[in-house]
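**Student:** Here's my sequence, what's the structure:
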Amino acid sequence: QVQLVESGGGLVQAGGSLRLSCAASGRTIGTELMGWFRQAPGKEREIVAAVTWNGDSLFYARFVKGRFTISRDNAKNTVSLQMNSLNPEDTAVYYCVAADRRDMVIKQTDYEYWGQGTQVTVSS
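**Tutor:** Numbering: from 1, shown residues only. Prediction:
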């Protein structure tokens, strides 16, 4: 099994920045593909960004618009999401995810492992 633990969420004003981190432990061989989803109140869960094991393929949702950067450190089994120029529409619970595959996928059902989530709140 793979355990994912997120950190770095919190409250920030519009225009501010936050950095989310996710540490993987356990059977980390199952974390070739890692990424982030989010779920805002009353909305469907959606993908934010994902990165393949060697970093050669990245995916960003359209709403990111160059504001977020995903990165990973395989030596430390971590993945991070740097979020800049945050706006109230980014308020959501952010989930770290991982999948035991090397291709890029973006559907929730493609990811076997999920963290507990970390709350991000952006005030106007």
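**Student:** only C-alpha atoms for contact and neighbour calcs from this point on.
**Tutor:** Fine.
**Student:** so who does the most centrally placed residue in the chain touch?
**Tutor:** For the chain, the residue lying nearest the average C-alpha position, counting by Cα atoms, centre = their mean, turns out to be Trp36 (2.1 Å). Taking Cα atoms under 8 Å, 6 or more residues apart in numbering as the definition of contact, the neighbours of Trp36 are Ile47, Val48, Ala49, Ala50, Leu81, Tyr94, Tyr95, Cys96, Val97.
**Student:** low pLDDT regions in this structure?
**Tutor:** Per-residue confidence of the chain (counting by pLDDT under 70) places the weak regions at 29-30.
**Student:** Helices - which of the contacts of Trp36 land there?
**Tutor:** Using DSSP state H, no member of the contacts of Trp36 falls within helices.
**Student:** which of these has the most neighbours?
**Tutor:** Neighbour count (other Cα atoms under 10 Å) singles out Cys96 as the most crowded of these, with 31 neighbours.
**Student:** those strands in this structure, which residues are they?
**Tutor:** 2-7, 10-13, 18-26, 33-39, 46-51, 58-60, 68-73, 78-83, 92-99, 113-114, 118-123 (DSSP state E).
**Student:** separation between the residue lying closest to Trp36 once chain neighbours are set aside and Gly15?
**Tutor:** Of all residues not flanking Trp36 in the chain, Cys96 sits nearest, at 4.7 Å (Cα to Cα, 6 or more residues apart in numbering). Applying Cα to Cα, to the nearest Å, one obtains 23 Å for the distance of Cys96 from Gly15.
**Student:** ok, Ser123 - contacts?
**Tutor:** With contact taken as Cα under 8 Å, 6+ apart, Ser123 is in contact with Leu11, Val12, Gln13, Ala14, Asn87, Pro88.
**Student:** circling back to that earlier point, any chance of the contacts of Trp36 in JSON lines with distance to Thr69 as columns?
**Tutor:** Converted to JSON lines, the contacts of Trp36 look like this (distance: Cα to Cα, whole Å):
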{"residue": "Ile47", "distance to Thr69": "14"}
{"residue": "Val48", "distance to Thr69": "10"}
{"residue": "Ala49", "distance to Thr69": "8"}
{"residue": "Ala50", "distance to Thr69": "10"}
{"residue": "Leu81", "distance to Thr69": "6"}
{"residue": "Tyr94", "distance to Thr69": "14"}
{"residue": "Tyr95", "distance to Thr69": "15"}
{"residue": "Cys96", "distance to Thr69": "14"}
{"residue": "Val97", "distance to Thr69": "16"}
